[in-house]
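In: Predicted structure and sequence below. I'll ask about it afterward.
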Amino acid sequence: MRYSGFTLISQALKGHTGWRPVWRDVSPKSAYDVVIIGGGGHGLATAFYLAENHGIRNVAVLEKGYVGGGNVGRNTTIIRSNYLLDGNTQFYKFSMKLWEGLSQALNFNVMFSQRGMLITAHSADQFDAFSQRTNIMRLNGIDAQVLDGDEVRRLVPYLDFSETARFPVCGAISLGQAGTARHDAVAWGYARAADAHGVDIIQGCEVTGFVRDGERIVGVETTRGRIGAGKVGLAVAGHTSMLGRKAGLELPIESHILQAFVTEPIKPLVHQVVAYGRDHFYVSQSDKGGLVFGGGLDGYNSYAQRGNLGTVREVAEAAIALMPCISRLRILRHWGGVMDMTPDASPIICPTPIDGLYINGGWCYGGFKATPASGWCFAHTLATGAPHPLTAAYSLDRFRTGRTIDEAGTGPFAWLQ
Ligand code: FAD
């Protein structure tokens, strides 16, 4: 759907009453070939690629709240491909490639900005570990470089380079392709494009249980009635273990809160994404001028979309240690989202032991950047019944066999995975 400049002006004068919704508001049908639970980035992307890549259009996305109300609209929008281990490296590289063409593929501007990212190093050991990681990334065709302290200072002079710095910066990894995208535009763009293929996006529809025929799952119970399904895909992020349990699956996932913050707007200062390699803090600057930042997880399990004050203080302390110049900025907003944490910090995309049920979850802190590749590969799995080659390692089985992809255990900035 396109609007002319004239339409924009006339809408402004008419009080914006004549806009058409960008996706249909439909009532659920009695059955679909595929039902996807969760209208976040991953669920919507899966629906789009099911239709676009596999011609499967009799699909519903069931969302208990509204599109964009979950983590897809709560994250800090950082996109990067900086993984070390086989299984992760190629998957995130593919995701980056999809991001680069996403606005064109969806015909919707997701404001993807490859402004680059720096992850700072604060000791000789860390610098060595960063060099090793960078070499591996380069061997895998990922745009990464190691910078020394002077080079970092030239790029980001506002960090604390004084003699009294708590943890002096001695270098950084620079990720040339990394950046940000407008998160809610990603949800809206996928929803609009999936809808254009005939996918039903049904908001305000909570899945409360599963319908079985013998051992096979053949549908879902929802707050809007029973809906039959040839296949059911779970894409509910922080609620994966809860829904898994309703289906009879005990999953190795814990839910924790991750918080984020935005400050009052300031003039352009932070031109890249900057992550503190010594503590829990990373920051970028939004197009409106606010500094968008976050840190580490709240330590306890929770399904509440709000965090605790102790973590706020820790993030603020880390922020001031790296960037003392922002100490007097005011925070405008602060929020939390529910993370689905796996033991090895790598995701799960696979058929489950329950016939008819497929899972996409365990994205931990980093699922936004995975959205396009996750949708692409999960759509393949739902369409063919088999894992996509890029996600073959993301099986549930790995927690039984011990073949985990323990990216979290690979180094001194594991929290960035
Ligand atoms: P969601 O948007 O949460 O979608 C899941 C949906 O399922 C929700 O809308 C929910 O309402 C719905 N649902 C749940 N239960 C049911 C049910 N029973 N029935 C129907 N619907 C249901 N990742 C990055 O890559 N970069 C970042 O910079 C980054 N920063 C983050 C910062 C914060 C503060 C947070 C919270 C997360 C961050 N993430 C980041 C992680 C990323 O946002 C998530 O991993 C990713 O969005 C999860 O996938 P999703 O978009 O499908 O999830």
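Out: Sure, I can see it. Numbers count the residues shown, from 1 in each chain.
In: From here on, just use CA atoms for contacts and neighbour counts.
Out: Noted.
In: tell me the pLDDT at the most centrally placed residue in the chain?
Out: Closest residue to the average C-alpha location of the chain: Phe368 at 1.5 Å, with Cα atoms, centre = their mean. Turning to Phe368, the model gives it a pLDDT of 98.
In: Is it in a helix, a strand, or coil?
Out: Secondary structure, DSSP: H, G, I helix; E, B strand; the rest coil: Phe368 is helix.
In: hang on, isn't it packed against Ile79?
Out: Yes - shown here, Phe368 and Ile79 form a contact pair, counting by Cα atoms under 8 Å, at 7.2 Å.
In: follow-up on the earlier one: can you tell me how far the residue nearest to the centre of the chain is from the ligand?
Out: Taking Cα to the nearest ligand atom, to the nearest Å as the criterion, Phe368 is separated from the ligand by 3 Å.
In: which residues sit in contact with that residue?
Out: For Phe368, the contacting residues are Gly41, Val72, Asn75, Thr77, Ile78, Ile79, His183, by Cα atoms under 8 Å, 6 or more residues apart in numbering.
In: could you redo the last one with a cut-off of 10 Å?
Out: By Cα atoms under 10 Å, 6 or more residues apart in numbering, the contact list for Phe368 reads 40-42, 71-80, 180-181, 183, 186, 374.
In: among those residues, which are in reach of the ligand?
Out: The subset of the contacts of Phe368 lying close to the ligand, counting by Cα under 6 Å from any ligand atom, consists of Gly40, Gly41, His42, Asn71, Val72, Arg74, Asn75, Thr76, Thr77, Ile78, Ile79.
In: most neighbours, which of these?
Out: Gly41 (34 neighbours; other Cα atoms under 10 Å).
In: give the contact list for it.
Out: Gly41 neighbours (Cα under 10 Å, 6+ apart): 67-68, 70-73, 183-191, 235-237, 367-372, 374-375.
In: picking that back up, just the ones of the contacts of Phe368 in strands?
Out: Ile78, Ile79, Thr180 (DSSP state E).
In: hmm, stretch 215-226 touching the ligand?
Out: No - counting by Cα under 6 Å from any ligand atom, no contacts exist between stretch 215-226 and the ligand, the nearest distance being 7.6 Å.
In: what distance separates the start and the end of that stretch?
Out: 18 Å (Cα to Cα, to the nearest Å).
In: And stretch 243-255, by the same measure?
Out: 12 Å.
In: mean confidence for it?
Out: 96.
In: repeat for stretch 37-48
Out: Stretch 37-48 comes out at a mean pLDDT of 98.
In: what do you get for stretch 51-62?
Out: Averaged across stretch 51-62, pLDDT comes to 98.
In: Same check on stretch 175-194?
Out: On average, stretch 175-194 scores 97.
In: Give the buried residues for that stretch.
Out: Going by neighbour count (16 or more other Cα atoms under 10 Å), the buried part of stretch 175-194 is 175-194.
In: Among the residues you listed, which ones are in helices?
Out: Cross-referencing the buried residues of stretch 175-194 against helices under DSSP state H gives His183, Asp184, Ala185, Val186, Ala187, Trp188, Gly189, Tyr190, Ala191, Arg192, Ala193, Ala194.
In: Spell out the residue ranges of the helices in the chain.
Out: Applying DSSP H to the chain gives helices spanning 5-13, 41-54, 89-100, 102-106, 124-139, 149-155, 183-196, 240-247, 309-322, 367-384, 398-401.
In: what's the closest of the ones you listed to Glu206?
Out: Among those, helix 240-247 comes nearest to Glu206, with 10.8 Å by Cα to Cα.
In: That closest one packs against which elements?
Out: Contacts defined by 3 or more Cα pairs under 10 Å, 6 or more residues apart in numbering; DSSP states H and E place helix 240-247 against strand 207-213, strand 225-234, strand 254-263, strand 331-341, strand 357-361.
In: Many thanks, have a good one.
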